[in-house]
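1. sequence and predicted structure below; questions after.
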Amino acid sequence: LSIGHIGNYAVRATETLAAEGLDVGHYDMRFCKPLDEEMLLAVARRYRAIVTVEDGCLMGGFGSAVLEFLSEQGASLPLRRLGIPDRVVEHGTQDQLYKECGFDADGIARAVRELSAKVAEVEREKLLG
């Protein structure tokens with residue numbers, strides 16, 4: 001899930017991951033308030049995990065709003081938020097800053113791979129008891 005022009009990076013990451021054989025999708029939420037609750041519920045039903053991407057602050061941002069909504073709905077799927085961390089971020093070009101904060105196309109793809117591996121590990125452990 002992305003919001004804003006950062007979705008262009010998410011699209012590139014999605015294309016890379018799909019080429020690797022991962023079952024991924026990209027949803028551009030367009031706005032944070034009000035949240036598109038129907039879309040969020042459809043995404044939560046369709047996927048085993050969610051990654052949110054925003055070029056704003058993580059604390060109190062889009063990803064937090066998604067997490068709060070899904071929690072209130074009783075959804076219990078893993079969610080990883082990508083955005084600007086709660087620390088000083090040095091000056092640089094947009095591409096440099098996105099890379100530093102981990103939400104350029106490569107960073108998004110890496111986060112999805114890592115979350116996918118964690119979900120697969122948890123599912124294996126459940127099967128093995």
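-> Great, that's in hand. Here the structure is a predicted model, which means the values were calculated and not measured. Residues are numbered from 1 along each chain as shown.

2. list the residues that contact Thr16.
-> By C-beta atoms under 8 Å, 6 or more residues apart in numbering, Thr16 lies in contact with 105, 109. Placement of C-beta: from N, CA and C, glycine included.

3. by contact count, what packs against the longest helix anywhere in the chain?
-> Among the segments of the chain that qualify as a helix by DSSP state H, the longest is helix 105-128. Under the contact criterion of 3 or more C-beta pairs under 8 Å, 6 or more residues apart in numbering; DSSP states H and E, helix 105-128 touches helix 7-19, strand 50-57, strand 79-84, helix 94-101.

4. now do the buried residues in the second one.
-> Okay, so that is strand 50-57. Neighbour-count burial for strand 50-57 flags 50-55 (criterion: 16 or more other C-beta atoms under 10 Å).

5. how near is the spatially most central residue of the chain to Gly83?
-> By C-alpha atoms, centre = their mean, the chain has its centre lying nearest to Val51, at 1.7 Å. As judged by C-beta to C-beta, to the nearest Å, Val51 and Gly83 stand 11 Å apart.

6. now Gly21
-> 27 Å.

7. again, but for Ala120
-> 25 Å.

8. could you check which of these two is surrounded by more residues?
-> Gly83 (22 against 12; other C-beta atoms under 10 Å).

9. show me the contacts for that one.
-> So Gly83 contacts 52-58, 61-63, 101, 103 (C-beta under 8 Å, 6+ apart).

10. count the residues that sit near Arg124.
-> Residues lying near Arg124 (other C-beta under 10 Å) number 9.

11. ok, it to Gly56 distance?
-> 35 Å.

12. list the contacts for the residue lying closest to Asp28 once chain neighbours are set aside?
-> In space, and not counting its chain neighbours, Asp28 is closest to Gly7: 4.6 Å by C-beta to C-beta, 6 or more residues apart in numbering. Neighbour list for Gly7: 26, 28, 53 [criterion: C-beta under 8 Å, 6+ apart].
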